[in-house]
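Q: What shape does this take:
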Amino acid sequence: MRLLVINPNISRDVTRLIEAEARRSTRPGTQLTLATAPFGVAYIETRAEAQIGGYAAMQVAAERHVGHDAVVVAAFGDPGLTALREILPIPVVGMTEAALVSACQVGSRFSVIAISQRIQAWYREAIAAHGFADRLASIRALDEPLAHIGRVQEDQGERLVALAERAVQDDGADVLILAGAPLAGLARSVADRLPVPALDGVTCALHQAQTLVDMAVTPPSGGSFAPPPEKGCRGLPEALAGLVGRRIAEAPTSVD
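A: Alright, predicted model coming up:
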């Protein structure tokens, strides 16, 4: 089994965190390919940045998915997830959706522990888009500027644990999701300090991707996730144009 794990952000330090947790979450024989977005931002906080990250993930997936059995989008909020499911012939798993599904199998209500205040609005919208808004107990987030995105766990670990404890005590969370790729691996290291289960989106996504490959899910030929209709494209990378429009050249247009 070969899995392509995409960091839709440009931080290679975060990609290394993702890889470390992904390797702890794979079975013997599962091979991983890690990829970092070639353009975009260090970490996503806003709707605009999510759109950029989604396009970056689509470009990387188009260029590198061949020879892989599934793709994992390793950013909370799942930028590009549904679009990738529409154009790729293999399963695509997002770490947000994977964590939410897993959380609802463990408890009734979950809280999300996030790395910034600004990120909360987009997270709420992403959770609602996945259909889990009524299971959300709270989102608690750091309120300090991040000195280095790759060192959030070292710099802010104690504050993150304190936020998690408050989510349980004050908000009634049955499960905690330590959100975002920069926190990959943290749930594993602080689980014994928290009163309820703590989940890591990378861990959840890797396990679910392997399960979907085992299930041999058939690519759709109908429904809303059928391959998109053929049409001309312009300005897209060749691999992505081949999946989105399946014709690289722009369709002829008349000129007055």
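Q: can you pull out the helices in the stretch 1-150 of the chain?
A: Taking DSSP state H, counting those that start in this stretch, the helices of the stretch 1-150 of the chain run over residues 12-24, 47-64, 81-87, 95-106, 119-129.
Q: May I see the buried residues of the first one?
A: The one in question is helix 12-24. Neighbour counts using 16 or more other CB atoms under 10 Å place 14-15, 17-19, 21-22 of helix 12-24 among the buried residues. In short, each C-beta sits where N, CA and C put it, glycine included.
Q: any chance of the helices of the stretch 1-150 of the chain in TSV, plus distance to residue 236 and mean pLDDT?
A: As requested, those are exported to TSV (distance: least, CB to CB, whole Å; pLDDT from 0 to 100):
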stretch	distance to residue 236	mean pLDDT
helix 12-24	24	96
helix 47-64	9	96
helix 81-87	12	95
helix 95-106	26	96
helix 119-129	25	93
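Q: and stretch 121-135, how far from the chain's centre?
A: When distances are taken as CA atoms, centre = their mean, to the nearest Å, stretch 121-135 is centred 14 Å away from the chain's centroid.
Q: can you check stretch 158-175 too?
A: On CA atoms, centre = their mean, the centre of stretch 158-175 falls 22 Å from the chain's centre.
Q: Likewise for stretch 57-72?
A: With CA atoms, centre = their mean, you get 14 Å for stretch 57-72.
Q: do stretch 225-236 as well
A: Distance, centroid of stretch 225-236 to centroid of chain: 24 Å (CA atoms, centre = their mean).
Q: now swap in stretch 114-132 and tell me
A: 12 Å.
Q: And the contacts of it?
A: Contacts with stretch 114-132, where a contact means CB atoms under 8 Å, 6 or more residues apart in numbering, come from 43-47, 50, 76-78, 96-97, 100, 104, 110, 112, 133, 136, 139-143, 146, 152, 156, 179-180, 182-183.
Q: what would the helices of the stretch 1-150 of the chain look like in JSON lines with distance to residue 210?
A: Output for these, formatted as JSON lines (distance: least, CB to CB, whole Å):
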{"stretch": "helix 12-24", "distance to residue 210": "11"}
{"stretch": "helix 47-64", "distance to residue 210": "18"}
{"stretch": "helix 81-87", "distance to residue 210": "17"}
{"stretch": "helix 95-106", "distance to residue 210": "11"}
{"stretch": "helix 119-129", "distance to residue 210": "23"}
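Q: closest one to residue 217 among these?
A: Among the helices of the stretch 1-150 of the chain, helix 81-87 comes nearest to residue 217, with 10.8 Å by CB to CB.
Q: May I have the closest one as PDB, with CA atoms only?
A: Extracted as PDB, the C-alpha positions of helix 81-87 are listed here (Å, rounded to 0.1, in the frame of the first residue of the first chain):
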ATOM      1  CA  LEU A  81     -10.700  17.700   0.000                       C
ATOM      2  CA  THR A  82     -14.000  17.500  -2.000                       C
ATOM      3  CA  ALA A  83     -12.400  18.800  -5.100                       C
ATOM      4  CA  LEU A  84      -9.800  16.100  -5.000                       C
ATOM      5  CA  ARG A  85     -12.400  13.400  -4.400                       C
ATOM      6  CA  GLU A  86     -14.100  14.600  -7.600                       C
ATOM      7  CA  ILE A  87     -11.000  14.400  -9.800                       C
END
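Q: low-scoring pLDDT stretches of the protein, where are they?
A: 246-256 (pLDDT under 70).
Q: now do 90
A: For the chain, the stretches with pLDDT under 90 are 43, 45, 143-152, 157, 180, 217-221, 227-235, 242, 244-256.
Q: can I assume residue 24 is in contact with residue 188?
A: Yes. Judged on CB atoms under 8 Å, residue 24 makes contact with residue 188 at a distance of 7.0 Å.
Q: Three-state assignment for residue 165, please.
A: Assigned with DSSP: H, G, I helix; E, B strand; the rest coil, residue 165 falls in the helix class.
Q: That one is in contact with residue 195, isn't it?
A: Yes. Residue 165 lies in contact with residue 195 (CB under 8 Å); the separation is 7.3 Å.
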